[in-house]
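S.K.: Sequence first, then the predicted structure:
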Amino acid sequence: MTTTLTGRSIAFLVANEGVEQIELRHPWNTLRTLGARITLIAPEPGFVQAFHHLDRADRFPVDLRTTDAVASDYDAVVLPGGVANPDILRRDSATHRLLREAHRANIPIAAICHGPWTLIDAGLVANRTLAAGPSLATDLTNAGATWTPCRVHVDDSLITAQGIDDVEEFTNRLIEMLVPAG
């Protein structure tokens, strides 16, 4: 049986500046190749400027503003990392609302690298175990979470990973969560 995500809709939630390109493009391309419909959501209309670490990379058109997004329209929400991206996004109240809606509806949320910073500000990490870049360990602990040195970790409907070296396994775990059993 071939894996297909036809009919699935995935939200990629990012700031307009600073997303790590591989953490955006790898899951995006993989999920789209499997038939998923991808929506790029950001606080402002226009474009998202991606980066390769500290160097500017490609720009991507925004499909929808965070203020207009509704979690129930999606089968999963992906929070790519980069340092600047989640640091900007974590200050957007519409992002917090969207993530809380997804959490309440048990919609998978997948966050990689610094992406969990946004989850902290949305109030979604207490009593959870998360993988993230090691520099987030103290922030996660202070927010009531347990940081794990595992490369990728699944805690119910929350998938987290440490960074770019884990993007393939991170994407595969999300696919496993989205493909119906059987």
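M.R.: Nice, thanks for sending it over.
S.K.: distance of residue 109 from residue 130?
M.R.: 11 Å (C-beta to C-beta, to the nearest Å). Bear in mind the C-beta positions are built from the backbone N, C-alpha and C, glycine included.
S.K.: so what sits against both of these two?
M.R.: 119, 158 (C-beta atoms under 8 Å, 6 or more residues apart in numbering).
S.K.: What is the end-to-end distance of stretch 16-27?
M.R.: From its first residue to its last, stretch 16-27 covers 18 Å (C-alpha to C-alpha, to the nearest Å).
S.K.: outside of it, which residues touch it?
M.R.: 12, 14, 42-44, 46-53, 57-58, 60, 62, 78, 80-85, 87-88, 110, 112-113, 115, 163-164, 167-168, 170-171, 174.
S.K.: Just the ones in strands from those residues, please.
M.R.: 12, 42, 47-52, 57-58, 60, 78, 110, 112 (DSSP state E).
S.K.: count of neighbours near residue 141?
M.R.: Residue 141: 12 surrounding residues under other C-beta atoms under 10 Å.
S.K.: Show me what residue 155 is bridged to.
M.R.: Note on residue 155: beta-bridge partners by DSSP bridges are residue 158.
S.K.: Taking the centroid of the chain, which residue is nearest it?
M.R.: With distances taken as C-alpha atoms, centre = their mean, residue 79 lies nearest the centre of the chain, 1.6 Å away.
S.K.: residues touching that one, list them.
M.R.: Shown in contact with residue 79 (C-beta under 8 Å, 6+ apart): 13-14, 86, 89, 109-112, 115-116, 118-119.
S.K.: swap in residue 7?
M.R.: If you count contacts by C-beta under 8 Å, 6+ apart, residue 7 has them with residue 35.
S.K.: thought residue 40 was touching residue 62?
M.R.: Yes. Here residue 40 reaches residue 62: they are 5.7 Å apart, a contact under C-beta atoms under 8 Å.
S.K.: Next, show the common contact partners of these two.
M.R.: Residues touching both residue 40 and residue 62 (C-beta under 8 Å, 6+ apart): residue 48.
S.K.: Show me the shaky parts of the chain.
M.R.: The chain contains residues with pLDDT under 70 at 1-2, 180-182.
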